[in-house]
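for reference, the sequence and a predicted model appear below.
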Amino acid sequence: MSNFATKIFKYRSYTPLPFLLLMLIFQEATPASLIVGFIIVLVGEFFRLWGVSYAGSETRTTGGVGGTYLVVSGAFAHVRNPLYFGNLLIYTGIGVMSMALYPYLLVAALAFFIWQYRVIIKEEENYLRNKFGQSYEDYCNEVPRWIPTFSKYKNPGLPQPEFNLKAGLKSERRTLQAISVTVLLLIILYLVTN
């Protein structure tokens with residue numbers, strides 16, 4: 001992994017903070033934006049939770065790209081990067097909820113995160129390709145990188161971790177806390193300013 005990609009990977013949890021701060025400062029929420037945005041946030045978190053309930057806490061590492069399994073079950077059977085897809089929906093939902101400098105701030109945030117995830121995904125894919133070889137190539141040929149498909153990848157017999165919702169919720173604790181605080185702040189700011 002290149003030094004640049006390593007830094008991007010290591011600090012990926014902190015890069016949303018400037019955008020979230022701007023969305024709070026410049027919020028112009030409406031009842032409709034709060035409801036629609038929150039629904040988008042919930043769909044994003046659904047994909048994240050579904051993903052980590054299979055992939056486990058390995059998705060939380062900041063030390064470097066890695067993985068025990070080539071996970072092709074659950075959300076991974078529909079999209080190769082369900083956590084990043086979920087993140088993009090969560091950021092979109094927060095942007096819609098806040099209506100801050102809409103749509104320019106949201107577009108800038110999404111452009112940044114798509115760029116960031118492309119850097120990270122390139123490293124992750126290189127790791128998976130080197131570790132799992134043809135199995136990973138076959139998976140890539142069937143499952144899209146970014147946008148989920150309704151068709152489900154049929155596991156050719158790869159060992160898979162068990163679905164574990166309890167472990168998934170434990171792994172998602174920080175994300176759920178961050179979402180809760182942000183949503184609550186947006187609602188409070190809406191109530192105070194209207």
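Received, thanks.

and the longest helix belonging to the chain, what does it pack against?
For the chain, the helix that runs over the most residues, judged by DSSP state H, is helix 104-132. The helices and strands touching helix 104-132, judged by 3 or more C-beta pairs under 8 Å, 6 or more residues apart in numbering; DSSP states H and E, are helix 3-10, helix 16-25, helix 82-98, helix 134-142. Just so you know, the C-beta spots here come from the backbone N, C-alpha and C atoms, and that holds for glycine as well.

mind giving me the packing neighbours of the helix or strand of the chain with the lowest mean pLDDT?
Ranked by mean pLDDT, DSSP states H and E, the weakest helix or strand in the chain is helix 3-10, scoring a mean of 75. Applying 3+ C-beta pairs under 8 Å, 6+ apart, we find helix 3-10 packed against helix 104-132.

point out where this protein drops to low pLDDT.
Within the chain, the stretches falling below the threshold (pLDDT under 70) are 1-2, 57-67.

redo that, cut-off 90
1-14, 56-69, 123, 194 (pLDDT under 90).

correct me, but S98 touches F26?
Yes - using C-beta atoms under 8 Å, S98 is in contact with F26, at 7.4 Å.

those two: who's more crowded?
Taking neighbours as other C-beta atoms under 10 Å, S98 and F26 compare with S98 leading, 29 against 13.

show me the contacts for that one.
S98 makes contact with 23-24, 26-29, 33, 37, 186 under the criterion C-beta atoms under 8 Å, 6 or more residues apart in numbering.
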